[in-house]
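Undergrad: Have a look; sequence and predicted model below, questions after that.
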Amino acid sequence: RAGGRVPVRFERTGGWIEGAMRQTTVTPLPSSTRPITAASDLVEVRLTGRGGHTSRPHLTEDLTFALGKLLTELPAVLSRRLDPRAGVSVVWGVISAGAAVNVIPSLGRAAGTVRMLDILAWADAEALVRETVHQIVEPYGVDAEVSYVRGVPPVVNEPRSTMVLGRAVTEILGEDGLVATAQSLGGEDFAWYLDQVPGAMGRLGTRTPGGPTYDLHQGDLRVDERAIAVGAKVLAAAAIGAPQAYTVRLDAAASASGQGPPHAASGSSTTVAPVAPPRSSTVLASVTFWMPGPEATRLPLSSAIDL
């Protein structure tokens with residue numbers, strides 16, 4: 001991807017206050033906090049039954065017929081059992097059964113993805129899928145084995161982080177560089193960061209101005225690599241601007257009682273400290289980029305930032 005995953009860490013003695021920023025290719029950066037991507041799960045169903053000759057289906061458990069019903073009925077049932085505003089989508093990518101035109105097979109398989117934009121619907125999806133699969137195939141006498149793998153939750157940007165990222169975009173590209181991004185049913189593992197820390201994901205446009213638009217998941221994808229420099233500048237600007245956005249004022253009394261940085265008790269009425277409740281008396285010491293890997297790679301933006 002043109003702009004890699006770059007969580008921004010705010011380092012303090014005694015622990016980390018973390019914020020996460022990410023850019024991916026395809027479309028411009030976000031200006032809202034609705035779900036940007038979908039929860040994405042994997043489902044596989046294996047049907048088994050007594051096969052036989054197609055001239056005597058009544059003496060078999062017609063597995064192919066049951067499989068066909070499953071392929072169409074599971075998406076239909078979920079569209080009625082889950083809130084339609086959740087945007088539930090079941091799409092099959094693998095379907096297999098049989099090898100001869102006149103033989104009802106004893107084994108069939110279907111596998112695909114289950115996607116939705118609502119995290120509450122996602123919480124109920126696995127149990128509902130398992131229940132519905134068995135209800136659909138039960139009249140045909142076949143047995144069903146369901147494998148369901150929960151993937152990632154939807155990406156929902158935290159408002160203040162979205163503001164930080166948006167300001168960085170306008171600083172680098174101007175007001176016209178920041179536009180709302182379309183929702184996608186694609187799954188994004190960046191959602192796990194946002195499950196733990198505040199953050200925001202944006203999409204970095206990589207099409208050459210005036211040129212054709214390419215599908216990200218097609219083999220003819222073409223990326224204008226000049227976008228890499230734009231993405232790097234935006235992330236750097238977001239990292240520099242984040243400490244100012246994630247601050248609150250604490251009064252001197254709280255500081256004197258040990259709840260704030262030591263220099264707050266020197267007579268000043270207010271001081272500035274990180275938003276998260278302090279776990280030590282040290283104010284924000286440095287800002288670093290943290291790159292995923294066995295060890296953090298730190299690229300200090302400044303030797304020290306006193307707030």
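TA: Sure thing, it's come through.

Undergrad: Output the host helix or strand of Q244 in PDB with nothing but the alpha carbons.
TA: Here Q244, judged by DSSP states H and E, is contained in helix 226-245. In PDB, the C-alpha atoms belonging to helix 226-245 read as follows (Å, rounded to 0.1, in the frame of the first residue of the first chain):
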ATOM      1  CA  ARG A 226       4.000  10.300  -6.300                       C
ATOM      2  CA  ALA A 227       1.200   9.700  -3.800                       C
ATOM      3  CA  ILE A 228       3.700   8.100  -1.400                       C
ATOM      4  CA  ALA A 229       5.300  11.400  -0.700                       C
ATOM      5  CA  VAL A 230       1.900  13.000  -0.100                       C
ATOM      6  CA  GLY A 231       1.000  10.200   2.300                       C
ATOM      7  CA  ALA A 232       4.300  10.600   4.200                       C
ATOM      8  CA  LYS A 233       3.800  14.300   4.600                       C
ATOM      9  CA  VAL A 234       0.300  13.900   5.900                       C
ATOM     10  CA  LEU A 235       1.300  11.300   8.500                       C
ATOM     11  CA  ALA A 236       4.200  13.500   9.600                       C
ATOM     12  CA  ALA A 237       1.900  16.500   9.900                       C
ATOM     13  CA  ALA A 238      -0.600  14.400  11.900                       C
ATOM     14  CA  ALA A 239       2.100  13.200  14.300                       C
ATOM     15  CA  ILE A 240       3.200  16.800  14.900                       C
ATOM     16  CA  GLY A 241      -0.300  18.000  15.400                       C
ATOM     17  CA  ALA A 242      -1.500  15.200  17.600                       C
ATOM     18  CA  PRO A 243       0.000  16.300  20.900                       C
ATOM     19  CA  GLN A 244      -1.800  19.700  20.700                       C
ATOM     20  CA  ALA A 245      -5.100  17.900  20.000                       C
END
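
Undergrad: what is the mean pLDDT for it?
TA: Helix 226-245 shows a mean pLDDT of 87.

Undergrad: helices and strands around that helix, which ones?
TA: strand 5-12, strand 15-25, helix 159-173, strand 199-204, strand 286-289 (3 or more C-beta pairs under 8 Å, 6 or more residues apart in numbering; DSSP states H and E). Placement of C-beta: from N, CA and C, glycine included.

Undergrad: low pLDDT regions in the stretch 151-300 of the chain?
TA: Low-confidence segments of the stretch 151-300 of the chain, defined by pLDDT under 70, span residues 245-300.

Undergrad: which SSE is the residue lying closest to I136 once chain neighbours are set aside in?
TA: Spatial nearest neighbour of I136, excluding adjacent residues (C-beta to C-beta, 6 or more residues apart in numbering): E73 at 4.9 Å. Using DSSP H and E, E73 maps to helix 63-81.

Undergrad: Buried residues of that helix, list them for me.
TA: Of all the residues in helix 63-81, those buried under the rule 16 or more other C-beta atoms under 10 Å are 63-67, 70-71, 74-75, 77-78.

Undergrad: For it, give me every contacting residue.
TA: With contact meaning C-beta atoms under 8 Å, 6 or more residues apart in numbering, helix 63-81 is reached by 45, 47-49, 51, 57, 88-90, 92, 95, 97-98, 104-108, 110, 114, 125, 128-129, 132-133, 136-137, 140, 142.

Undergrad: Out of these, list just those in helices.
TA: Within the contacts of helix 63-81, residues falling in helices by DSSP state H are 125, 128-129, 132-133, 136-137.

Undergrad: With distance to T37 and pLDDT added, can I get those in a markdown table?
TA: A markdown table is the format used below for the ones in helices among the contacts of helix 63-81 (distance: C-beta to C-beta, whole Å; pLDDT from 0 to 100):
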| residue | distance to T37 | pLDDT |
| --- | --- | --- |
| A125 | 16 | 96 |
| L128 | 21 | 97 |
| V129 | 20 | 98 |
| T132 | 25 | 98 |
| V133 | 26 | 98 |
| I136 | 29 | 97 |
| V137 | 32 | 96 |
